[in-house]
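Engineer: heads up, no residue letters with this:
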């Protein structure tokens, strides 16, 4: 079996998003906060929390995960997430191996389909420790 962890941002920023790496701009909020859409989470719940880029942020901001252990034939890393991109925005997922300084982009989407939540799953196979 593979241990899977769920994170919904209800109580905190989740282990995956370490506070010290949380750059200015990402805020934890729900649909009732009056900062604009989305007005609910992906299931339509307006009190459920999600992470949002604050409207003052016009540039980019990054989130970084905990360190994941190497994958092998029995243990692949699969990350599923819901996301909402407003017009002109782009969301990218990068992979950083511990032996490399550079972050390699492994997935990207931009806000063409407006005003809706989308789901995506990324599968990562990597023979050394890595962060996403």
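Structural biologist: In hand now; what should we look at? This structure is a prediction, so every number in the text was calculated from the model and none was measured. Numbers count the residues shown, from 1 in each chain.

Engineer: Do you have the helices of the protein handy? List them.
Structural biologist: Using DSSP state H, the chain contains no helices.

Engineer: Show me the shaky parts of it.
Structural biologist: 1-3, 18-24, 55-58 (pLDDT under 70).

Engineer: hmm, 80 instead?
Structural biologist: 1-5, 15-25, 54-60, 87, 111-115 (pLDDT under 80).

Engineer: could you pull out the strands for it?
Structural biologist: Using DSSP state E, the strands of the chain run over 26-30, 49-53, 77-83, 90-97, 104-110, 118-124, 130-131.

Engineer: residue contacts, residue 106?
Structural biologist: 93-95, 122, 124 (C-beta atoms under 8 Å, 6 or more residues apart in numbering). The way it works is simple: take the backbone N, C-alpha and C, and place the C-beta from them, glycine included.

Engineer: any idea how far stretch 83-95 is from the chain center?
Structural biologist: The chain centre lies 9 Å from the centre of stretch 83-95; the measure is C-alpha atoms, centre = their mean, to the nearest Å.

Engineer: neighbouring contacts of that stretch?
Structural biologist: In contact with stretch 83-95 (C-beta under 8 Å, 6+ apart) are residues 37-38, 42, 53, 79, 103-111, 114-120, 122, 124, 126, 130-132.

Engineer: Perfect, that will be all.
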